[in-house]
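Peer 1: Give the three-dimensional model of this entry:
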Amino acid sequence: MKKYNFNAGPSILPDAALEAAAKAIIDFDGTGLSLLSISHRTKEFEGVLEEAKSLFKELLNIPDGYSIYFVGGGASTQFFHIPANFLKTKAGYVNTGVWSKKAIKEAKFYGEVEVVASSEDRNFTYIPKGFDIPSDLDYLYICSNNTIYGTEYKTDLDSPVPLIADMSSDILSRPVDVSKYAMIYGGAQKNLAPAGVTFVIIRDDMLERVARPLPTMVNVKTHVENNSMFNTPPVFPIYVLRETLKWMKSIGGMEEMYRRNQEKAALLYAEIDRNSLFRGTVEKEDRSLMNICFVMSDGNEALAPEFLEFAKAKGMVGIKGHRLVGGFRASCYNACPKESVEALVACMQEFEKMHK
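Peer 2: As a prediction, the model looks like this:
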């Protein structure tokens with residue numbers, strides 16, 4: 001049976017990247033050695049690293065004055081790396097869900113945290129808008145896409161203070177004005193690579209804002225100045241990340257990627273809104289392109305377990321909602337093909353006919 005992968009992460013990756021990685025595990029770049037057992041100091045891998053950075057800059061149209069580095073530890077490590085480096089007195093956070101709350105918790109170890117806006121009053125079903133950003137903040141922190149609740153920022157904020165964004169789950173899914181951000185980072189296991197590598201895009205002037213003496217591995221300067229090579233970087237995930245970026249460029253770059261993502265999301269949201277058995281869970285204007293969350297409609301809640309089993313039998317993988325919110329979640333990341341979304345829509349339509 002064909003499987004349709006909607007896992008929230010680690011998630012689906014392009015076939016082209018998987019095929020290249022599979023070959024490289026046996027013989028990396030004609031070296032006669034496996035990618036899994038080469039030295040990260042070889043000229044071949046250094047070429048992979050530099051091409052990955054170059055493609056990142058090209059696809060996101062990153063302006064001059066920014067550096068890119070790759071590091072281990074996931075987004076959760078960045079939750080404390082960021083305040084350790086940049087929180088001198090007070091930082092602002094927008095609370096839009098679980099990952100924002102985790103970042104806020106870590107930041108409080110280093111200084112005062114002001115929650116300048118929050119959507120917790122309605123269980124994180126919308127993105128706060130029109131809030132004031134105090135000018136005395138060391139930085140403002142947002143999570144651009146909320147995987148658990150299915151909300152996403154649709155525009156880049158104008159901030160009078162350095163803006164830092166966790167873009168783990170929507171990086172390279174849509175155009176972003178990088179110039180509005182002091183730092184963008186994310187775990188790569190949603191849209192770019194297998195788990196194990198975190199990307200960081202940082203404006204160079206932020207390196208002069210480091211607030212305190214720090215352990216070497218925590219200091220952002222270490223990774224910029226050593227070109228991601230202070231210690232052994234995650235070689236295999238970086239290679240796959242490079243291959244994913246090559247695939248994105250080959251299909252038409254950011255413009256085409258965004259078009260595909262909008263098309264997939266529109267298909268599924270239209271069915272959720274049409275189907276009498278389902279309803280969406282977030283404000284329509286803030287619906288995520290990446291993580292599409294829905295539940296059974298009012299009065300049909302008892303059908304949820306049956307639908308989950310029905311969908312599994314039709315080849316749907318990973319559509320169970322996060323344990324904190326329940327329901328269903330289809331993660332339609334960049335490499336998720338339109339065919340998968342069409343299959344899920346057909347599955348929902350067939351289920352509705354069974355219960356009319």
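Peer 1: Quickly note the distance from residue 126 to residue 280.
Peer 2: 12 Å (Cβ to Cβ, to the nearest Å). Where C-beta positions appear, they are placed from N, C-alpha and C, glycine not excepted.
Peer 1: brain fart, residue 177
Peer 2: Taking Cβ to Cβ, one finds residue 177 at 28 Å from residue 280.
Peer 1: ok, the two, which is more surrounded?
Peer 2: residue 280 (19 against 13; other Cβ atoms under 10 Å).
Peer 1: what's near enough to touch that one?
Peer 2: 269, 272-273, 287, 293-294 (Cβ atoms under 8 Å, 6 or more residues apart in numbering).
Peer 1: tell me the two of the residues you listed that are most distant?
Peer 2: The largest separation in the contacts of residue 280, counting by Cβ to Cβ, is between 273 and 293 at 13.3 Å.
Peer 1: which one of these two has more residues nearby?
Peer 2: A side-by-side neighbour count of residue 273 and residue 293, using other Cβ under 10 Å, places residue 293 first with 26 against 12.
Peer 1: Let me know whether the more buried one touches residue 325 as I believe.
Peer 2: Yes. Between residue 293 and residue 325 there is a contact under Cβ atoms under 8 Å: 7.1 Å.
Peer 1: joint contacts of these two?
Peer 2: Joint contacts of residue 293 and residue 325 (Cβ under 8 Å, 6+ apart) are 149, 281.
Peer 1: show me the contacts for residue 141.
Peer 2: So residue 141 contacts 82, 91-94, 100, 103, 107, 164-166 (Cβ under 8 Å, 6+ apart).
Peer 1: Try it again at 7 Å.
Peer 2: By Cβ atoms under 7 Å, 6 or more residues apart in numbering, residue 141 lies in contact with 82, 91-93, 103, 164.
Peer 1: What count of nearby residues applies to residue 238?
Peer 2: 24.
Peer 1: do the one 4 residues further on as well
Peer 2: Under the neighbour criterion other Cβ under 10 Å, residue 242 is assigned a count of 25.
Peer 1: go on, residue 277?
Peer 2: Count around residue 277 with other Cβ under 10 Å applied: 21.
Peer 1: For it, grab phi and psi.
Peer 2: phi -90, psi -10 (degrees, to the nearest 10).
Peer 1: Assess the claim that it and residue 354 are in contact.
Peer 2: No. With contact defined as Cβ atoms under 7 Å, residue 277 does not count as touching residue 354 (9.5 Å).
Peer 1: Distance check, residue 94 against residue 124.
Peer 2: 11 Å.
Peer 1: Correct me if wrong, but residue 294 is in a strand.
Peer 2: Yes. Judged by DSSP: H, G, I helix; E, B strand; the rest coil, residue 294 forms part of a strand.
Peer 1: what residues are up against it?
Peer 2: 272, 278-281, 327-328.
Peer 1: and if you look at residue 104?
Peer 2: Going by Cβ under 7 Å, 6+ apart, residue 104 touches 93, 95, 113, 115.
Peer 1: Ok, residue 316 next?
Peer 2: 4, 6, 344, 347.
Peer 1: Recalculate using a threshold of 8 Å.
Peer 2: Residue 316 neighbours (Cβ under 8 Å, 6+ apart): 4, 6, 343-344, 347.
Peer 1: now, which of the residues you listed sits nearest residue 310?
Peer 2: Among those, and counting by Cβ to Cβ, the member closest to residue 310 is residue 347, at 7.1 Å.
Peer 1: Let me see the mean pLDDT of the host helix or strand of residue 17.
Peer 2: According to DSSP states H and E, residue 17 maps onto helix 15-26. The pLDDT scores in helix 15-26 average 97.
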